[in-house]
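# sequence below, structure please.
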Amino acid sequence: MTLALHHIDTGGDGTPLVVIHGLLGSADNWRSHIKKWQEQRRVIAVDLRNHGRSPHASGMGYADMARDVLALLDELNVAKAHVLGHSMGGKVAITLARLAPERLASLVVADVAPQAYGHGHDRELGALRRVRDERPADRRQADALMADHIDERATRLFLATNLVRGEDGMTVRVGLDQIAEDYASISGEPDGEGAFEGPTLLVRGSRSPYVTDAMLPALREVLPTVELETLEAGHWLHAEQPEAFQAVVNDFLARQAD
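Here you go, the predicted structure:
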């Protein structure tokens, strides 16, 4: 069963750019990029299931998440789109490209490879669960609770984008239980089979372990036409190097036929 995803749609003509966020992110995290991209094209940024303002549901398989996005494109009468995904969203985008290659004008993958990863997100999920369970009065108190789990303030600020004020204090809008129940799917490989032969750009961070040189041969088996760009950044390259990220993506999109 597909879910009706919350989304941002700037409107406009031409082939749109669909933006898919990563784990514990949302379309809101991409607003500064959307503001610039919309000067050139229509942008549709989605909240994946169990994220942002989208519904919560069991199952975080990549085929299910990709079908949610396809259903949204059908609802919006979008026959073909450029699709950009970061991290978990990149795996959703790769799955989408495998399941429905005719719907993609091009594919942009930000700092993830089509493979399983061994690391987890126990700290992040634990920090948000603490906020959900204890219902702090304000964001300052919420940050103090999360600091018991996470030292890095930048990470806590990112997680805080998921906080909302409820009737009895701060809580989270993320489907934590559903994400935790099916985290094995999130850390696993994208769904679908074979290679995506369409135009593809992969942008990686030089300080990120998500796309190493050792991964490239296997990556090119799935994305044989991939163009590789490396930015001086970590995993959150679009936030650390926003202008450079915009430049490489814009250059790639400008060379694609709408």
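
# show me what contacts L17?
37, 41-44, 81-84, 253 (CB atoms under 8 Å, 6 or more residues apart in numbering). For every residue, glycine as well, the C-beta is placed using N, CA and C.

# and the residues you listed, which is closest to Q246?
W37 (7.8 Å; CB to CB).

# close enough to count as contact, the closest one and V43?
Yes. Judged on CB atoms under 8 Å, W37 makes contact with V43 at a distance of 4.9 Å.

# just the buried ones from the contacts of L17?
Burial of the contacts of L17 was assessed by neighbour count (16 or more other CB atoms under 10 Å); the buried members are 37, 41-44, 81-84, 253.

# inside helices: which ones of the residues you listed?
Residues of the buried ones among the contacts of L17 located in helices (DSSP state H): 37, 253.

# which of the buried ones among the contacts of L17 lies closest to L231?
Nearest member of the buried ones among the contacts of L17 to L231, counting by CB to CB, is L84, at 14.6 Å.

# hang on, the earlier thing: could you dump the contacts of L17 to JSON lines with pLDDT and distance to T15?
What follows is the contacts of L17, written out as JSON lines (pLDDT from 0 to 100; distance: CB to CB, whole Å):
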{"residue": "W37", "pLDDT": "97", "distance to T15": "12"}
{"residue": "R41", "pLDDT": "95", "distance to T15": "7"}
{"residue": "R42", "pLDDT": "97", "distance to T15": "8"}
{"residue": "V43", "pLDDT": "98", "distance to T15": "11"}
{"residue": "I44", "pLDDT": "98", "distance to T15": "11"}
{"residue": "A81", "pLDDT": "98", "distance to T15": "6"}
{"residue": "H82", "pLDDT": "98", "distance to T15": "6"}
{"residue": "V83", "pLDDT": "98", "distance to T15": "10"}
{"residue": "L84", "pLDDT": "99", "distance to T15": "13"}
{"residue": "L253", "pLDDT": "97", "distance to T15": "9"}
